[in-house]
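Colleague: Provided below for reference: sequence and predicted model.
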Amino acid sequence: MKSTDASNICRRTVCSLTFEALLCFGFGIALLSLASVSAAAPQKVAVGENPQVRIAEQQLTAGNFAQAKATLLNLLAVDPHSSARVYEMLAFAQLKLNSNDDALATCETGLIFYPASNSLASLYVSTLNQTLAPEKQIPRLQSTLKHAPHSPLLLKMLGENLLSKNQEDARALQLLASAAALSPLDPEAHFFYGESACFNQEDTLCIRELRRAHELAPNNQNANFQLYTMIAVSEDKLNLPSQAAEDFGRAMAANRSLPHPNAYAAMKYAAFLSAQSKPDEAMAIVTEILKWDPAYGPAHFERAKSLSDRNKREEAAAEAELALRDSRVTDKELRTYHAFLAKTYFAMGRQQDALAHQQWVESHPQKQ
């Protein structure tokens, strides 16, 4: 799968939480929801625990967050090794007081002392998502991972952020491989690992990991349409057309079940059908896509190519002109559409129209 494809379908999934990613074909992700903050909510006090912890717990339960913060800060000043839960409680109080930066610092300090605490890492990841943009999360995660190098949550989040920044980042592949190995029952970890493998041309690995993600979260249709599309694209690259056809079909079935089906993923199926010399089936998918999204340029262009193949140049030009009007069109797509229209208008004898599109192509050199 090419990285240019990836930039169109994706970012963000969460099998276990809120899955929505895929070969980055134009979606959006949210690693951990705000519900993760509940990980820091008060729990029962352990036997032999400092009585100040019980006091802080009662203060939190009563909503006295400033008092709880003061109690917990005093406790940690005396004994920074109190427990991971003390750091969680303090960060929770700080979040309630809208002191997110302080909560981040508390989690980071806590993870130095308790690097194996998944609940503290979960709260940290959630707070990062609430507080910082992805590009600003990366250096914080890199620093924190030095103290908690085996935290699957931190590995997964850093890997996903690097993947969002550069889909072919080999570091992301390594981080996500570690996250999946450390949390073998986490579907999101396998999804991101598989996604990264796709971007790095590791198609067999991509298929394996995405199928594992599906096995762990089989009923998430928002995840299914994405992962089956990626699997099918990889199978097609591996010259496995029958398997690709089956998985594109599964992706399309899941896509249709969504309140707002994804046009890009369906277009991958239509393009596959065209390449398999099944133009009627491909155009049926294109028609369906345009019912979902009447302005979707790639669908209009696919229809334009089909019409041109049947020497229906007038209709083909009209569809390509519609494709040009889609404000979401990429630079690469613009060049393709203008070049197609130049060729089509020349063939129709419409020299002035053809020259206008040809001049556009010549004045917009292809980026290297």
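Modeller: Great, that's in hand. Here the structure is a predicted model, which means the values were calculated and not measured. Numbering: from 1, shown residues only.

Colleague: so where is the chain shaky, pLDDT-wise?
Modeller: 1-48, 368 (pLDDT under 70).

Colleague: go with 80
Modeller: Applying pLDDT under 80 to the chain flags the ranges 1-49, 367-368.

Colleague: give the other helices and strands that the helix or strand where Glu209 lies contacts.
Modeller: Assigned by DSSP states H and E, Glu209 falls within helix 203-216. On a contact count with 3 or more CB pairs under 8 Å, 6 or more residues apart in numbering; DSSP states H and E, helix 203-216 meets helix 187-199, helix 221-237. Quick note: C-beta positions are derived from backbone N, CA and C, even for glycine.

Colleague: check which residues of it are buried.
Modeller: Asp203, Leu205, Cys206, Ile207, Arg208, Glu209, Leu210, Arg211, Arg212, Ala213, His214, Leu216 (16 or more other CB atoms under 10 Å).

Colleague: ok, now how distant is Lys367 from Asp169?
Modeller: 20 Å (CB to CB, to the nearest Å).

Colleague: ditto for Tyr87
Modeller: 31 Å.

Colleague: swap in Lys305?
Modeller: 34 Å.

Colleague: residues in contact with Arg212?
Modeller: Neighbour list for Arg212: Pro187, His190, Gly194 [criterion: CB atoms under 8 Å, 6 or more residues apart in numbering].

Colleague: can you give me the strands in this protein?
Modeller: For the chain, no strands are identified by DSSP state E.

Colleague: closest to Lys268 out of the contacts of Arg212?
Modeller: Ranked by distance to Lys268 (CB to CB), the contacts of Arg212 are led by Gly194 at 16.2 Å.

Colleague: hmm, that closest one is touching Arg208, no?
Modeller: Yes. Gly194 is in contact with Arg208 according to CB atoms under 8 Å; the separation is 7.4 Å.

Colleague: my read: Ala271 touches Ala282, true?
Modeller: Yes. Using CB under 8 Å, Ala271 is in contact with Ala282, at 7.5 Å.

Colleague: overlap in contacts of these two?
Modeller: Common neighbours of Ala271 and Ala282 (CB under 8 Å, 6+ apart) are Glu302.

Colleague: looking at these two, which one has more neighbours?
Modeller: Taking neighbours as other CB atoms under 10 Å, Ala271 and Ala282 compare with Ala282 leading, 23 against 19.

Colleague: contacts only, for Arg250.
Modeller: Arg250 touches Asn224, Tyr228, counting by CB under 8 Å, 6+ apart.

Colleague: likewise the one 5 residues further on?
Modeller: With CB under 8 Å, 6+ apart as the criterion, the residues that contact Asn255 are Phe225, Pro261, Asn262, Ala265, Ala266.
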